[in-house]
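Visitor: the following comprises the amino acid sequence and a computationally predicted model.
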Amino acid sequence: MRTIMCWARSVARKVRADTGMTTSEYAVGTIAACAFAAVLYKVVTSPPVMAQLQSLLKDALDAKF
């Protein structure tokens, strides 16, 4: 019984072992991150969002204490 339990634990450790991402996974992750950053930059620099951010900043700076 003890041998079976040791074998089951070793199999479970091997199944759960993750040695990290491969080069292709890094490449895909980097491309996805760059694409997300480009979309986010376009959204934040759009005129409606810029107007809202400027209004928010102006209201925060003009606040009465």
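Guide: Yes, it's here. Residues are numbered from 1 along each chain as shown.
Visitor: element containing the residue nearest to the spatial centre of the chain?
Guide: In the chain, the centroid-proximal residue (C-alpha atoms, centre = their mean) is residue 33; its distance is 7.8 Å. Taking DSSP states H and E as the criterion, residue 33 maps to helix 23-44.
Visitor: after that helix, next one along is what?
Guide: helix 47-61.
Visitor: angle of that following helix against helix 23-44?
Guide: 70 degrees (axes from the mean of the first three to the mean of the last three C-alpha atoms, to 10 degrees).
Visitor: which of the residues in helix 47-61 are buried?
Guide: By 16 or more other C-beta atoms under 10 Å, helix 47-61 has no buried positions at all. In this view, the C-beta of every residue, glycine as well, is placed from N, C-alpha and C.
Visitor: starting at the chain centroid, how far to that helix?
Guide: Mean-position distance between helix 47-61 and its chain equals 27 Å (C-alpha atoms, centre = their mean, to the nearest Å).
Visitor: what comes into contact with it?
Guide: Around helix 47-61, the neighbours that count as contacts under C-beta atoms under 8 Å, 6 or more residues apart in numbering are 43-44.
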